[in-house]
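**Q** Only the shape, not the letters, is given here:
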């Protein structure tokens, strides 16, 4: 009986170690796609990321740069007051997307143009993502919205 208990314990320990190794391997392989780092336009211009890196950029849609092309191609520039990055996007923009408003885009920086695969915009009149607010505050261009209009 003692030999059977010892064998069972060893089997459980080996199974637990194998399960932990499999879980760690799955996490390690999935991690690069799971994490998307946020950058402001000033950070992107100062230290351009690799063309293969997927990241998020956020700021204000620069006034006078929004161009809706033929079909679904849209170009505009995003700024944080310190730098401006041109953006291209193919798809349908959110309803509240507009010039002078906050946005966050996910994509890649290729040939000095951010190629967005996803565009997020505010969900009401006063909302702006926290990362965009922080980036605008660093540049000294953030203006507090009216306190009575805030819904968040």
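**A** Happy to help now that I have it. Everything quoted here is computed from the prediction, not taken from an experiment. Numbering: from 1, shown residues only.

**Q** quick check: mean pLDDT across the top helix by length along the chain?
**A** Using DSSP state H, we find that the single longest helix of the chain is helix 2-34. Regarding helix 2-34, the rounded mean pLDDT is 86.

**Q** Repeat that for stretch 130-144.
**A** Rounded mean pLDDT across stretch 130-144 is 72.

**Q** Same question for the helix or strand where residue 136 lies: list its buried residues.
**A** Assigned by DSSP states H and E, residue 136 belongs to helix 130-139. Neighbour-count burial for helix 130-139, counted by 16 or more other C-beta atoms under 10 Å, picks out 131-132, 135-136, 139. For glycine as for every other residue, the C-beta is placed from the backbone atoms N, C-alpha and C.

**Q** what's whichever helix or strand residue 119 is part of packed up against?
**A** For residue 119, the enclosing helix or strand under DSSP H and E is strand 113-121. If you count contacts as 3 or more C-beta pairs under 8 Å, 6 or more residues apart in numbering; DSSP states H and E, strand 113-121 packs onto strand 84-90, strand 102-110.

**Q** So which of these is nearest residue 11?
**A** strand 102-110 (45.2 Å; C-beta to C-beta).

**Q** contact partners of the closest one?
**A** 36, 38, 44, 48-49, 51-61, 78, 85, 87, 89, 97, 114-122, 127-129, 131-133 (C-beta atoms under 8 Å, 6 or more residues apart in numbering).
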